[in-house]
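Fold the stuff below for me.
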Amino acid sequence: MTTIRALVVCGCAVLALAGCGSSESRTADNVTRAVYNDDVDSVTKNFTPDLAKTVSRAELGALSDLMHQHGDYKGLKQTGTEPDGAYDFEADFSNGTLIVKMKLDASGKVSGYRVIPSPST
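From the prediction side, this is the model:
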C-alpha cells in the first residue's frame, strides 16, 4: 500500500511539473498563437498601450501569412535571453521554425515582439 501511495504521489508530481512553464513562455505562446490566428484583439491585450498602438491589421495579417507558410503552429521553446532582458524563442511549425524575440515591461506586458525567419528556413 505504501508503494502505491508513493507511485501516486510521484505521478501527480510529474503531471504538475509537466504543466509548468515560465510566465514568459506562456505569454510568448499566447501572443504567437494570436498572431498565427490573425486575432488583433488577442495580440494587443498582451501588449503595453504604446506597443498596441503600433499594430496594424495589415501588418498582423502579413505576419500571420508568414507563419502559415511554415505550416501548423506546434508551440515554442525558450532558447535564451538577450543582454537587454529580451527573451528568445524558437517557434515550431510543421514545415519549419521562426525566431520570436519578446520583451516584457515591469508589469509583465509585452513591450517588444518580433518574428524573424530562422537561418534554416
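
which residues of the protein fall in strands?
For the chain, the strands defined by DSSP state E cover 73-81, 87-93, 96-104, 110-117.

so which of those strands comes closest to Val31?
Judged by CB to CB, the one of the strands of the chain that comes nearest to Val31 is strand 110-117, at 6.0 Å. To be clear about C-beta, it is placed using only N, CA and C from the backbone, and glycine gets the same treatment.

And for that closest one, what's in contact with it?
Residues lying outside strand 110-117 but in contact with it, judged by CB atoms under 8 Å, 6 or more residues apart in numbering, are 27, 31-32, 35, 46-48, 50-51, 63, 66-67, 86, 91, 98-105.

now that strand against strand 87-93, angle please.
Taking axes from the mean of the first three to the mean of the last three CA atoms, to 10 degrees, one finds strand 110-117 and strand 87-93 inclined to each other by 50 degrees.

want to throw the strands of the chain into CSV with distance to Val40 and mean neighbour count?
Formatted as CSV, the entries for these read as follows, by distance: least, CB to CB, whole Å; neighbours: other CB atoms under 10 Å:
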stretch, distance to Val40, mean neighbour count
strand 73-81, 17, 14
strand 87-93, 19, 19
strand 96-104, 17, 19
strand 110-117, 13, 16
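
and of these, who's closest to Ser22?
Per CB to CB, nearest to Ser22 of the strands of the chain: strand 73-81, 6.9 Å.

How much space separates the residue lying closest to Ser25 once chain neighbours are set aside from Ala34?
Setting aside the residues directly before and after it, Ser25 is nearest to Gln78 in space (CB to CB, 6 or more residues apart in numbering), at 5.4 Å. Here the criterion is CB to CB, to the nearest Å. By it, Gln78 lies 18 Å from Ala34.
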